[in-house]
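Peer 1: need the 3D shape of this:
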Amino acid sequence: MANNELSFVHRFEPSTVPNLAPLLLLHGTGGDENDLLGLGRMVAPGAALLSPRGKVLEGGMPRFFRRLAEGVFDEDDVRARVDELADFIAEARAAYGLPAPVALGFSNGANIAAAMLLRRPEALAGAVLLRAMVPFKVPPKADASGRRVLLLSGSADPIVPADNAARLAAQLSEAGAEVTHRVLPVGHGLSQADVNLARQWLGEAGVIAA
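Peer 2: Coordinates of the predicted model:
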């Protein structure tokens, strides 16, 4: 169902299977709150889905934070938007009676999820990061221990350099997260391998029924 009463325009689908962690769906540039619902249903059938729309517009396209150029982020805005999104998660958890969600983010959505793990890790139970890159040149001193993270990168991704994705994996590990980083023979777009690996990982992480 759509809901505009909380601080983000969003969609919420309640769980149909008990005791599953909810998924926080975070779209890429130009997406909206409907974009990743199908993916969420595929990788975590029966889990509650919480899908906000990014508040920043770039040429009319929703995003979760501002950037100065391709791959160059406005880090002050990243920090402010992470805090804003973490506050929304707290609102939604209270409104819908949810435990901490696992983020499932693509591109810009994966970047803000990574930033949240490095700045406000208490907001998330873990994350699946699809084509994420380093959000902070110097990461905050956060404790992400107890958070499991799956980072899926593309070896032919023209947007995220391989060394950048590797650096993000290292930053998350240094913050205490348990990181699984897989590099797939794909570009920036999503593939069936992403769906299969995400579903398998979520099952092993106990988010969905294996």
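
Peer 1: based on its surroundings, how many neighbours for residue 48?
Peer 2: By the measure other Cβ atoms under 10 Å, the count of residues near residue 48 is 23. For glycine as for every other residue, the C-beta is placed from the backbone atoms N, C-alpha and C.

Peer 1: residue 199 too?
Peer 2: 19.

Peer 1: contact partners of the strand or helix carrying it?
Peer 2: Element membership of residue 199 [criterion: DSSP states H and E] is helix 192-204. With contact meaning Cβ atoms under 8 Å, 6 or more residues apart in numbering, helix 192-204 is reached by 39, 42-44, 102, 104, 128, 130, 150, 152, 180, 182, 184, 186, 208-210.

Peer 1: keep only those of those that are in strands.
Peer 2: Mapping those onto strands (DSSP state E) picks out 102, 104, 128, 130, 150, 152, 180, 182, 184.

Peer 1: tell me the one of those nearest residue 166?
Peer 2: residue 182 (11.9 Å; Cβ to Cβ).

Peer 1: what's across from the nearest residue to the closest one once chain neighbours are set aside in the sheet?
Peer 2: Closest residue to residue 182 apart from its sequence neighbours, by Cβ to Cβ, 6 or more residues apart in numbering: residue 152 at 5.4 Å. Going by DSSP bridges, residue 152 is paired in beta bridges with residue 130, residue 182.

Peer 1: so what's residue 152 up against?
Peer 2: Neighbours of residue 152 in contact, by Cβ under 8 Å, 6+ apart: 128-131, 182, 184, 194, 197-198.

Peer 1: turn the ones in strands among the contacts of helix 192-204 into TSV, columns for distance to residue 163 and pLDDT.
Peer 2: Shown next, in TSV, are these (distance: Cβ to Cβ, whole Å; pLDDT from 0 to 100):
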residue	distance to residue 163	pLDDT
102	27	97
104	25	98
128	21	98
130	18	98
150	19	98
152	16	98
180	18	97
182	16	98
184	17	98
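
Peer 1: of those residues, just the buried ones, ChimeraX syntax please.
Peer 2: Restricted to buried positions by 16 or more other Cβ atoms under 10 Å, the ChimeraX selection for these reads:
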select :102,104,128,130,150,152,180,184
